[in-house]
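Novice: what's the 3D shape of this:
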Amino acid sequence: MDAARDARILVVDDDDQLRSLLLLVLEGEGFPVILASDATTAVREVESGHCDLVVLDVSLGLDDGRMVLARIREMGDLPVILISGKGDTADRVLGLRLGADDFLPKPFSPVELVARVETVLRRSRVRSAPAPLSPATTDGEPAGLVVDEVTREVTIDGHPVELTAKEFDLLAFLARSPRQVFSRGQLLEHVWSSRSEWQDEATVTEHVRRVRHKIEPDPARPRWITTVRGVGYRFEP
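Specialist: The predicted structure is shown next:
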(Lines give C-alpha, C1' and ligand atoms only; values in the text may rest on other atoms or scores of the structure.)
Protein backbone atom coordinates (compact mmCIF):
# COMPACT_ATOMS: atom_id res chain seq x y z
CA MET A 1 0.00 0.00 0.00
CA ASP A 2 1.17 3.53 -0.80
CA ALA A 3 2.56 5.11 2.38
CA ALA A 4 0.40 8.15 1.69
CA ARG A 5 -2.67 5.96 2.24
CA ASP A 6 -1.74 5.82 5.93
CA ALA A 7 -2.51 9.55 6.14
CA ARG A 8 -5.60 10.33 8.21
CA ILE A 9 -7.96 12.79 6.56
CA LEU A 10 -10.16 15.12 8.62
CA VAL A 11 -13.28 16.06 6.62
CA VAL A 12 -15.04 19.17 7.93
CA ASP A 13 -18.45 19.93 6.41
CA ASP A 14 -21.87 20.70 7.87
CA ASP A 15 -23.66 19.00 4.95
CA ASP A 16 -24.48 15.47 6.12
CA GLN A 17 -24.81 14.08 2.60
CA LEU A 18 -21.56 15.55 1.33
CA ARG A 19 -19.73 14.50 4.47
CA SER A 20 -20.95 10.93 3.98
CA LEU A 21 -19.97 11.02 0.29
CA LEU A 22 -16.44 12.22 1.08
CA LEU A 23 -16.14 9.51 3.72
CA LEU A 24 -17.17 6.89 1.15
CA VAL A 25 -14.78 8.20 -1.52
CA LEU A 26 -11.71 8.61 0.68
CA GLU A 27 -12.17 5.37 2.60
CA GLY A 28 -12.70 3.65 -0.74
CA GLU A 29 -9.20 4.83 -1.69
CA GLY A 30 -7.75 3.46 1.54
CA PHE A 31 -7.52 6.67 3.59
CA PRO A 32 -8.57 6.58 7.26
CA VAL A 33 -11.15 9.35 7.69
CA ILE A 34 -12.25 11.48 10.66
CA LEU A 35 -15.48 13.49 10.37
CA ALA A 36 -16.44 16.85 11.86
CA SER A 37 -19.58 18.88 11.21
CA ASP A 38 -18.67 22.11 13.02
CA ALA A 39 -15.73 24.37 13.80
CA THR A 40 -15.39 23.37 17.45
CA THR A 41 -15.09 19.68 16.66
CA ALA A 42 -12.70 20.38 13.79
CA VAL A 43 -10.32 22.42 15.94
CA ARG A 44 -10.44 19.81 18.70
CA GLU A 45 -9.49 17.06 16.24
CA VAL A 46 -6.59 19.13 14.88
CA GLU A 47 -5.38 19.86 18.41
CA SER A 48 -5.42 16.14 19.17
CA GLY A 49 -2.84 15.54 16.44
CA HIS A 50 -4.86 12.66 14.99
CA CYS A 51 -5.03 13.92 11.39
CA ASP A 52 -2.53 14.48 8.58
CA LEU A 53 -4.63 16.57 6.19
CA VAL A 54 -7.86 18.57 6.45
CA VAL A 55 -10.55 18.86 3.79
CA LEU A 56 -12.39 21.96 5.00
CA ASP A 57 -15.60 23.54 3.74
CA VAL A 58 -15.46 27.34 3.64
CA SER A 59 -19.06 27.58 4.87
CA LEU A 60 -19.93 25.81 8.12
CA GLY A 61 -23.40 27.04 8.95
CA LEU A 62 -22.94 29.78 11.54
CA ASP A 63 -19.17 29.22 11.49
CA ASP A 64 -16.70 30.34 8.85
CA GLY A 65 -14.31 27.67 7.62
CA ARG A 66 -11.70 30.34 7.02
CA MET A 67 -11.66 31.07 10.75
CA VAL A 68 -10.97 27.37 11.32
CA LEU A 69 -8.17 27.58 8.76
CA ALA A 70 -6.67 30.57 10.58
CA ARG A 71 -6.75 28.61 13.84
CA ILE A 72 -5.07 25.62 12.17
CA ARG A 73 -2.32 27.88 10.86
CA GLU A 74 -1.76 29.24 14.37
CA MET A 75 -1.05 25.66 15.45
CA GLY A 76 1.24 24.65 12.58
CA ASP A 77 1.57 23.59 8.96
CA LEU A 78 -1.04 20.85 8.74
CA PRO A 79 -2.04 20.61 5.02
CA VAL A 80 -5.50 22.03 4.28
CA ILE A 81 -7.64 21.74 1.16
CA LEU A 82 -10.48 24.26 1.14
CA ILE A 83 -13.71 23.36 -0.64
CA SER A 84 -16.33 25.96 -1.52
CA GLY A 85 -19.65 26.23 -3.32
CA LYS A 86 -18.72 29.72 -4.51
CA GLY A 87 -15.50 29.01 -6.37
CA ASP A 88 -14.93 32.63 -7.37
CA THR A 89 -11.44 34.10 -7.62
CA ALA A 90 -11.80 36.37 -4.57
CA ASP A 91 -12.81 33.46 -2.34
CA ARG A 92 -9.97 31.34 -3.68
CA VAL A 93 -7.29 34.01 -3.22
CA LEU A 94 -8.51 34.79 0.30
CA GLY A 95 -8.27 31.12 1.21
CA LEU A 96 -4.75 30.87 -0.16
CA ARG A 97 -3.71 34.01 1.67
CA LEU A 98 -4.94 32.48 4.89
CA GLY A 99 -2.65 29.50 4.28
CA ALA A 100 -4.67 26.87 2.40
CA ASP A 101 -2.55 24.45 0.38
CA ASP A 102 -5.21 24.01 -2.29
CA PHE A 103 -8.71 25.14 -3.19
CA LEU A 104 -11.42 22.97 -4.76
CA PRO A 105 -14.69 24.53 -5.99
CA LYS A 106 -17.94 22.59 -5.84
CA PRO A 107 -19.14 20.56 -7.60
CA PHE A 108 -16.06 18.38 -7.96
CA SER A 109 -15.56 14.79 -9.00
CA PRO A 110 -14.37 12.15 -6.52
CA VAL A 111 -11.41 11.47 -8.79
CA GLU A 112 -10.31 15.11 -8.63
CA LEU A 113 -10.64 15.21 -4.84
CA VAL A 114 -8.47 12.11 -4.43
CA ALA A 115 -5.89 13.53 -6.86
CA ARG A 116 -5.73 16.81 -4.90
CA VAL A 117 -5.38 14.94 -1.60
CA GLU A 118 -2.55 12.79 -2.99
CA THR A 119 -0.75 15.81 -4.44
CA VAL A 120 -0.93 17.88 -1.26
CA LEU A 121 0.20 14.94 0.88
CA ARG A 122 3.09 14.18 -1.46
CA ARG A 123 4.33 17.76 -1.45
CA SER A 124 3.98 18.11 2.34
CA ARG A 125 6.00 14.94 2.91
CA VAL A 126 9.03 15.89 0.85
CA ARG A 127 11.77 16.14 3.43
CA SER A 128 15.08 15.00 1.87
CA ALA A 129 17.86 16.81 0.03
CA PRO A 130 21.65 16.50 -0.32
CA ALA A 131 22.82 19.58 1.56
CA PRO A 132 21.92 23.05 2.79
CA LEU A 133 21.59 25.70 0.13
CA SER A 134 23.54 28.82 0.95
CA PRO A 135 22.96 31.33 -1.85
CA ALA A 136 25.99 32.90 -3.49
CA THR A 137 28.00 35.59 -1.79
CA THR A 138 28.25 39.24 -2.74
CA ASP A 139 31.61 41.05 -2.40
CA GLY A 140 32.89 38.19 -0.29
CA GLU A 141 30.10 38.53 2.28
CA PRO A 142 27.43 35.86 2.85
CA ALA A 143 24.07 36.66 1.25
CA GLY A 144 22.49 36.01 4.64
CA LEU A 145 19.74 33.65 3.45
CA VAL A 146 20.31 29.94 4.11
CA VAL A 147 17.87 27.24 3.04
CA ASP A 148 18.59 23.88 4.69
CA GLU A 149 16.61 21.16 2.93
CA VAL A 150 17.71 18.46 5.37
CA THR A 151 16.23 20.16 8.42
CA ARG A 152 13.76 22.21 6.34
CA GLU A 153 14.91 25.35 8.11
CA VAL A 154 15.41 28.83 6.69
CA THR A 155 17.53 31.49 8.36
CA ILE A 156 18.41 35.08 7.51
CA ASP A 157 21.62 36.31 9.15
CA GLY A 158 21.24 33.42 11.59
CA HIS A 159 17.65 34.27 12.54
CA PRO A 160 15.01 31.58 11.84
CA VAL A 161 12.21 32.29 9.37
CA GLU A 162 8.91 30.46 9.82
CA LEU A 163 7.55 29.13 6.53
CA THR A 164 4.69 26.75 5.80
CA ALA A 165 5.57 23.46 4.13
CA LYS A 166 4.54 24.68 0.69
CA GLU A 167 6.28 28.04 1.11
CA PHE A 168 9.49 26.18 1.97
CA ASP A 169 9.11 23.87 -1.04
CA LEU A 170 8.71 26.86 -3.36
CA LEU A 171 11.71 28.75 -1.98
CA ALA A 172 13.93 25.66 -1.98
CA PHE A 173 13.02 24.81 -5.58
CA LEU A 174 13.85 28.30 -6.82
CA ALA A 175 17.08 28.44 -4.79
CA ARG A 176 18.33 25.20 -6.35
CA SER A 177 18.51 26.93 -9.75
CA PRO A 178 19.83 30.48 -9.21
CA ARG A 179 18.84 32.96 -11.92
CA GLN A 180 16.86 30.38 -13.86
CA VAL A 181 13.43 31.74 -14.77
CA PHE A 182 10.39 29.57 -14.08
CA SER A 183 6.89 30.30 -15.30
CA ARG A 184 3.94 29.92 -12.97
CA GLY A 185 2.93 26.83 -14.92
CA GLN A 186 6.38 25.28 -14.40
CA LEU A 187 6.25 26.03 -10.68
CA LEU A 188 2.81 24.45 -10.43
CA GLU A 189 4.22 21.34 -12.07
CA HIS A 190 7.44 21.08 -10.06
CA VAL A 191 6.35 22.34 -6.63
CA TRP A 192 2.67 21.34 -6.56
CA SER A 193 2.84 18.34 -8.94
CA SER A 194 -0.10 20.00 -10.68
CA ARG A 195 -0.97 21.84 -13.89
CA SER A 196 -2.82 25.02 -14.77
CA GLU A 197 -5.65 22.88 -16.18
CA TRP A 198 -6.24 21.51 -12.70
CA GLN A 199 -5.14 24.34 -10.41
CA ASP A 200 -5.25 28.12 -10.70
CA GLU A 201 -1.84 29.73 -11.30
CA ALA A 202 -2.90 32.34 -8.72
CA THR A 203 -1.79 29.69 -6.22
CA VAL A 204 1.82 30.35 -7.26
CA THR A 205 1.41 34.13 -7.25
CA GLU A 206 -0.02 34.10 -3.74
CA HIS A 207 2.68 31.79 -2.34
CA VAL A 208 5.43 33.96 -3.86
CA ARG A 209 3.82 36.98 -2.20
CA ARG A 210 3.78 35.20 1.16
CA VAL A 211 7.40 34.03 0.92
CA ARG A 212 8.56 37.52 -0.06
CA HIS A 213 6.70 38.98 2.91
CA LYS A 214 8.64 36.66 5.21
CA ILE A 215 12.17 36.81 3.75
CA GLU A 216 12.50 40.14 1.97
CA PRO A 217 13.51 43.35 3.81
CA ASP A 218 11.24 45.19 1.35
CA PRO A 219 8.71 42.80 -0.25
CA ALA A 220 7.72 45.50 -2.76
CA ARG A 221 11.32 45.56 -4.02
CA PRO A 222 12.42 41.94 -3.64
CA ARG A 223 16.09 41.07 -3.27
CA TRP A 224 15.93 37.26 -3.65
CA ILE A 225 12.76 36.26 -5.50
CA THR A 226 12.36 38.59 -8.46
CA THR A 227 9.68 38.83 -11.13
CA VAL A 228 10.55 38.53 -14.80
CA ARG A 229 7.69 40.43 -16.37
CA GLY A 230 5.55 38.35 -18.66
CA VAL A 231 7.48 35.16 -17.85
CA GLY A 232 7.62 34.21 -14.17
CA TYR A 233 10.04 34.24 -11.26
CA ARG A 234 13.70 33.56 -10.54
CA PHE A 235 15.97 33.36 -7.54
CA GLU A 236 18.74 35.97 -7.41
CA PRO A 237 21.90 34.72 -5.61
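
Novice: show me where the protein has strands.
Specialist: Under the criterion DSSP state E, the chain carries strands at the ranges 9-12, 33-36, 53-57, 59-60, 63-64, 80-84, 102-105, 145-148, 153-156, 159-161, 182-183, 225-228, 232-235.

Novice: out of the ones you listed, which gets nearest to residue 216?
Specialist: Comparison of the strands of the chain against residue 216 by Cβ to Cβ identifies strand 225-228 as nearest, at 7.4 Å. Where C-beta positions appear, they are placed from N, C-alpha and C, glycine not excepted.

Novice: and that closest one, average pLDDT?
Specialist: Average pLDDT, strand 225-228: 94.

Novice: on that earlier part again, worst mean pLDDT among the strands of the chain?
Specialist: Among the strands of the chain, strand 63-64 scores lowest, with a mean of 70.

Novice: thinking again about what came up before, make a markdown table from the strands of the chain and add mean neighbour count to it.
Specialist: Below are these laid out as a markdown table (neighbours: other Cβ atoms under 10 Å):
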| stretch | mean neighbour count |
| --- | --- |
| strand 9-12 | 26 |
| strand 33-36 | 19 |
| strand 53-57 | 25 |
| strand 59-60 | 19 |
| strand 63-64 | 14 |
| strand 80-84 | 24 |
| strand 102-105 | 21 |
| strand 145-148 | 20 |
| strand 153-156 | 18 |
| strand 159-161 | 11 |
| strand 182-183 | 19 |
| strand 225-228 | 15 |
| strand 232-235 | 21 |
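
Novice: can you list these in TSV and add distance to residue 173?
Specialist: Converted to TSV, these look like this (distance: least, Cβ to Cβ, whole Å):
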stretch	distance to residue 173
strand 9-12	26
strand 33-36	31
strand 53-57	21
strand 59-60	34
strand 63-64	32
strand 80-84	21
strand 102-105	17
strand 145-148	10
strand 153-156	13
strand 159-161	16
strand 182-183	8
strand 225-228	11
strand 232-235	9
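
Novice: residues in contact with the residue nearest the centre of the chain?
Specialist: For the chain, residue 101 is the residue whose C-alpha lies nearest the centre (Cα atoms, centre = their mean; 2.9 Å). Neighbour list for residue 101: 79, 80, 81, 120, 123, 124, 164, 165, 166 [criterion: Cβ atoms under 8 Å, 6 or more residues apart in numbering].
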